[in-house]
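Visitor: Just need the structure, nothing else, for what follows:
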Amino acid sequence: MSLFGFLTAIGDTLWEYGTLLTVLFVVACAISAYRSWKKEQLRNEWNAAGKDVVVLHTLGRGYTCPHISPFGLKLETYLRMAGYKIQIDEKAPMSSKGKTPWITLNGVDMTDSQLIIEHLSANNKNFSSHLSDKERAIANAFQVMVDEHLYWGLVRYRYLTDPHIRAMELTSVYPSWIKYMFPLMRHMLRKALHAQGLGRHSDAEVMGIMRKDIESISTYLGEKPFLMGDEPCEVDCAIFGELGHLLWNAPDSPYFTMVTEEFPNLQQYCLRMKDKFWPDWEEILDKPLSKEPH
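Guide: So this is what the prediction gives:
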């Protein structure tokens, strides 16, 4: 090949690569522009909800529980307790921090269920103001226990211990393609549980740890209507969020048996919270086309 031919071939190759890169750049810009437009449309939709209306961004309703996330159940229970008007949004369930649920209120985004509750309690209704310092400390300890400990035990059961993820299939809707993502999801959750600590123990050891948590709640609740006394407060939202999922979203699990048979006062507690704040519970559940799992 002559020098001219060699240089011509290189030039043609560079031109082809340049054309390809240009096409890829244009496509990337188009995707970015579409995402920006879509985000702006959603923002306009959320802002149109009205003053003091909470737009609750969540994963959606389930077949047996209004939220397929314990933290969604926790947060909406508080919003109902506080008397907020609520607009559910399932189009953008994940916040900028990668957490769900989150809210938009009067154009301001807030994330993390506990931080949201604390912020709204400080600026609207505080249902724990009547508690003594000692009682508030106890309530805080129970909230941390269920959100940071009991929750991970539930996660382990639903996505790792349960080999066919039957609880998820029986209680919530999800796209059929999600099944192909389960191996990756399980790998990520296994790593997260190992880092958290519960992933380092056997199923029997984890069950014993979970039983202690559940028994502690049952013992402290006793015969009281709500955890801290005659009236519900913020901590009840966290307790209900987790126990509600053990009761309604963990069929056939040993934890369902604990709540319904070993510590029946917890089942009655959940039913009281449901009756008090969720009179429309059955109406808003997602209705499966079939009772059979996917």
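Visitor: What are the boundaries of the helices in this protein?
Guide: Under the criterion DSSP state H, the chain contains helices at 3-47, 70-81, 113-123, 133-145, 151-156, 166-171, 182-196, 203-221, 234-248, 254-257, 264-277, 281-284.
Visitor: hey, which of these is tucked in deepest?
Guide: Of the helices of the chain, the one with the most neighbours on average (mean count of other C-beta atoms under 10 Å) is helix 234-248, at a mean of 27. (Glycine included, C-beta is placed from N, CA and C.)
Visitor: Reformat the helices of the chain as TSV; add distance to W102 and mean pLDDT.
Guide: Shown next, in TSV, are the helices of the chain (distance: least, C-beta to C-beta, whole Å; pLDDT from 0 to 100):
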stretch	distance to W102	mean pLDDT
helix 3-47	11	65
helix 70-81	9	97
helix 113-123	7	94
helix 133-145	19	98
helix 151-156	17	92
helix 166-171	22	68
helix 182-196	20	87
helix 203-221	26	96
helix 234-248	15	97
helix 254-257	27	94
helix 264-277	20	98
helix 281-284	20	94
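Visitor: quick one, which of those helices is nearest to N106?
Guide: helix 3-47 (8.6 Å; C-beta to C-beta).
Visitor: Now the most centrally placed residue in the chain: closest residue in space that isn't a chain neighbour?
Guide: Centroid check for the chain by C-alpha atoms, centre = their mean gives S69 as the closest residue, at 3.4 Å. Leaving out its chain neighbours, the residue that sits closest to S69 by C-beta to C-beta, 6 or more residues apart in numbering is L59, at 5.4 Å.
Visitor: Report the separation between that neighbour and K39.
Guide: 19 Å (C-beta to C-beta, to the nearest Å).
Visitor: So the residue nearest to the centre of the chain sits against W102, correct?
Guide: No: counting by C-beta atoms under 8 Å, S69 stays clear of W102, with 11.3 Å between them.
Visitor: just to revisit the earlier point, which one of the helices of the chain lies nearest to Y63?
Guide: Among those, helix 166-171 comes nearest to Y63, with 5.3 Å by C-beta to C-beta.
Visitor: related to what we said a few turns ago, dump the helices of the chain into JSON lines; add distance to A92 as well.
Guide: Formatted as JSON lines, these follow (distance: least, C-beta to C-beta, whole Å):
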{"stretch": "helix 3-47", "distance to A92": "6"}
{"stretch": "helix 70-81", "distance to A92": "14"}
{"stretch": "helix 113-123", "distance to A92": "16"}
{"stretch": "helix 133-145", "distance to A92": "27"}
{"stretch": "helix 151-156", "distance to A92": "23"}
{"stretch": "helix 166-171", "distance to A92": "22"}
{"stretch": "helix 182-196", "distance to A92": "20"}
{"stretch": "helix 203-221", "distance to A92": "33"}
{"stretch": "helix 234-248", "distance to A92": "21"}
{"stretch": "helix 254-257", "distance to A92": "31"}
{"stretch": "helix 264-277", "distance to A92": "25"}
{"stretch": "helix 281-284", "distance to A92": "20"}
